[in-house]
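Visitor: I would like to see how this sequence folds:
(chains A and B)
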Amino acid sequence: MQWIALQWPPEAAPAPCPATVATTTTAEQEPRRAPDEALGWWALQFTPRVAQVDEALLLEVSASLRLWGGLRALAQRIEAENPAPPLIWQAPAAIGLVALAQLRLRATGQALPPPSALPEALPLEALSAARAHLPLLARLGCRSWGQAHALPRAGLVRRCGPQLRAALDVAFGLVPESYPWLTAPERFDQSLDLHTHVDNAPALLWAAARLLTALQHWLRARQLGVLALELAWTLDLKRLHGQPLPPGQALVVRTAQPAQAMEHLRRLLAERLARVQLLAPAVQLRLRALQTAPWQLASHSLLPEERRAGDPLHVFIERVSARLGPGQVLAAEPVADHRPEQRQRWRPAQQAPRHRAPATEPGWADALAPSWLFPEPLPLAEQGGRPLYHGPLQLLAGPRRIEAGWWPTGDAPSPAAARKQEGDPSIANKTRADSEAVPLDGSSPAARDYYVARNPAAELLWVFRERPTARQPQAAPRWFLHGLYA
Amino acid sequence: MAPAGVWAADALHDSGTPAVSTGHAVLDAQLPGGGWPLGTLVELLPAAGSVPLWPLLLPALAAHRVGQGTVVLVGAPQSPRPAAGWQPGLPALAAAGLPPARLLWVPGASAADRLWATEQALRCADVAAVLAWLPQARPADLRRLQLAAAKGGDGLLFVLRPAPAARAASPAPLRLRLDVGAAGDALVVDIVKRRGPPLAAPLHLPAQSPAMRALLAAGAARGRTGQARQGARVLPFAVRSGGAQPGDAAAREVVHAVDRVAVAA
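Guide: Below you'll find the predicted structure:
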């Protein structure tokens, strides 16, 4: 058996000194440091047998030692990947209790006994089970593990209870050593008490970083990637200015691809937190993983030129959406419709699933369509039957007749119609017959003749003339500008 | 023969930076590296909003990283109606080889937002090209973008600014002033700045896509035919001379009913 005992020295005590160890255990904890439980999850990457014994972590690594390239290489790796810098203390030994005792001796600055005298020469203060009986053992003249081991078994059990004898049996290799092994829980849900009242978002983020680190250890231990997480905080006040406050506030952050690296999620949280107004100072933080997915490592190309440095696309989309708003990153979507304004749609890219890109129909692409489009056609003035736009237009090609939209589309009004109805309630109250006189709101049929035209400024325009239909035979033909070739 | 690393200023500088062909041989011949340089800020200075931009850029956008890589548009050209802006016409772009699935559009409420989004897009590995309308960009902002583009490596970056900005200094290694020809059928490209000698005369590129040119040519031919027909009062279904080649009186064709496309104007 090969054991490694790990302990992170209390912060603000860089030098292991007996006086400071006892006093500065919980005085000031850096928010960066993950909770002890999370450090155990971190250690699970080296061996599945990790146990929290008193103040230290015990790792049983004999089964995985070859994987890590031996004890020395493993020790260097632990040192290099230390999740709670700057210091980590480690002590290897063949028996867990011995490793733990060595760690305690080092923490209190005492000299280690030579390896040949190992369990016997260790002082009894370093054995947890003996701590309650130290005065009695001292009066008996017992100071080391070897001396206690030499005492008659029956008498020792009668005087000190079975725990001390059992611990000595383990230490001397008479009984195998076993602990309740640490496992990562099924769901991640951790809380953190804030030592001070936090009333601004950056400070909240600073505290949340500690929980995010814990989440990362948990994800690695369970081979998962997180898709959605919720950061909630409890408010200190129940009422503010006479108004009752909710008990807490929460923020949900989602990402498109399962993530283990917290950098992207931390940025998303920061952008979202910057927009949130804290109703009252927060006293407690809680982080939950709402949705997780099995972690799959991306396979890279063998050829170096295939790899590109930079973020994946979904990271870009989510970051910009978080900062500027989801409506500010738009993905194009083709729609099967003949009306040009209905033919293309822009929707928030976060909602559009990128991996299943809508297949365009064979006839959808149109080389003769304008490269810039007005979502709402611009009515043009007329002079002698010819439309005007920066001067009279010269029609070059056409007409191209489009007649569509005769089916009722009341369930999905166009943005123009929706805006009209929001802006002016009187229009919403008008009857259907009235609204048919306004043929451009998308809910009425479009009967148009499209022309390519040029104006005196040499711009190439796409204009159309409304055609009288059977529904509105008397409608005067009107000209509209709908696109631009540029 | 100049030693390596020395560039004679009267020749085009080929620094070995990879480039994508613009799709216009005339322009390729005048650009250092033979095309749009990758990982470099290219500044385009259109004289008006209606300068034909897509015909200039689409061949390269469609060819660069074929079938993959996203093209991010940031902002949009100034519209005559600020309330309802312009949108890229997707069917036309798809016909030119840029399907809608490869497009992302960041309208950007403010100039700072647009600048920030451009920089973020340059950082993204899956973005093949960025087209940003940044009329308010300052030289320091452009310098940032140039550095970000150089770090990104193999993306295209086009920044569009108004033509008066051509007089001011800019950190962009390549600057092009765009204008539309008097007849509207040519795109006039003047290279304001490049690593090489100044351009003697502006280049003339086609202002429309090939399909559009064919349509306009056909429309012009029909227009002439129509005028001739109106003057002579020739009835439909009659035999008339081909209007496409006015000098070629021997070319005669029969006009069918389906050919009677209404002639405008």
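
Visitor: So which residues of the stretch 351-486 of chain A form helices?
Guide: Assigned by DSSP state H, counting those that start in this stretch, the stretch 351-486 of chain A shows helices spanning A:415-423, A:425-428, A:432-436.

Visitor: same check, this time on the stretch 1-150 of chain B
Guide: B:25-30, B:54-63, B:90-95, B:111-123, B:139-152.

Visitor: any idea which of those helices is most buried?
Guide: Neighbour counts (mean count of other C-beta atoms under 10 Å in any protein chain shown) averaged over each of the helices of the stretch 1-150 of chain B peak at helix B:90-95, with a mean of 24. All C-beta spots, glycine's among them, are computed from the backbone N, C-alpha and C.

Visitor: how far away is the one residue sitting closest to the centre of chain A from chain B?
Guide: Most central in chain A under C-alpha atoms, centre = their mean is residue A:265, positioned 3.4 Å from the mean C-alpha point. From residue A:265 over to chain B the distance is 16 Å, taken as C-beta to the nearest C-beta, to the nearest Å.

Visitor: For residue 44, which residues are in contact?
Guide: No chain was given, so I picked chain A. By C-beta atoms under 8 Å, 6 or more residues apart in numbering or on different chains, residue A:44 lies in contact with A:50, A:182, A:184, A:221.

Visitor: wrong chain, I was asking about chain B
Guide: B:53, B:158, B:159, B:160, B:161, B:175, B:176, B:178.

Visitor: run the last query once more with 7 Å
Guide: Taking C-beta atoms under 7 Å, 6 or more residues apart in numbering or on different chains, we find residue B:44 in contact with B:158, B:160, B:176, B:178.

Visitor: about what we covered before: going by neighbour count, which of the contacts of residue A:44 comes out on top?
Guide: Counting neighbours by other C-beta atoms under 10 Å in any protein chain shown, the top entry in the contacts of residue A:44 is residue A:50, with 25 neighbours.

Visitor: Identify the residues contacting that one.
Guide: By C-beta under 7 Å, 6+ apart, residue A:50 lies in contact with A:40, A:43, A:44, A:57, A:59, A:181, A:182.

Visitor: and if you look at residue A:220?
Guide: By C-beta under 7 Å, 6+ apart, the contact set of residue A:220 is A:45, A:260.

Visitor: sorry, back to before: and which of the contacts of residue B:44 is nearest chain A?
Guide: Set against chain A, the nearest of the contacts of residue B:44 by C-beta to the nearest C-beta is residue B:178 (10.2 Å).

Visitor: How far off centre is the host helix or strand of the closest one?
Guide: Secondary-structure assignment from DSSP states H and E places residue B:178 in strand B:174-180. With C-alpha atoms, centre = their mean, to the nearest Å as the basis, strand B:174-180 stands 10 Å off its chain's centre.

Visitor: per-residue pLDDT, residue A:20?
Guide: Looking at residue A:20, its pLDDT reads 33.

Visitor: Repeat that for the one 4 residues further on.
Guide: pLDDT recorded at residue A:24 is 35.

Visitor: can you check residue A:1 too?
Guide: At residue A:1, the predicted lDDT confidence score is 82.

Visitor: Leaving out chain neighbours, which residue sits closest to it?
Guide: Once flanking residues are discounted, residue A:1 sits nearest to residue A:62: 5.2 Å by C-beta to C-beta, 6 or more residues apart in numbering or on different chains.

Visitor: Pretty sure residue A:285 sits against residue A:212.
Guide: No. Assessed by C-beta atoms under 7 Å, residue A:285 is found out of contact with residue A:212, at 10.5 Å.

Visitor: These two - which one has more neighbours?
Guide: Set side by side, residue A:285 and residue A:212 show more neighbours around residue A:285, with 22 against 19, by other C-beta under 10 Å.

Visitor: Would you verify that that one is located in a helix?
Guide: No. Read with DSSP: H, G, I helix; E, B strand; the rest coil, residue A:285 is strand and lies in no helix.

Visitor: For it, give its distance to chain B.
Guide: According to C-beta to the nearest C-beta, residue A:285 and chain B sit 28 Å apart.

Visitor: so what's that residue up against?
Guide: So residue A:285 contacts A:191, A:192, A:194, A:207, A:208, A:211, A:233 (C-beta under 7 Å, 6+ apart).

Visitor: Just the buried subset of these, please.
Guide: A:192, A:194, A:207, A:208, A:211, A:233 (16 or more other C-beta atoms under 10 Å in any protein chain shown).

Visitor: Report pLDDT for residue B:225.
Guide: 65.
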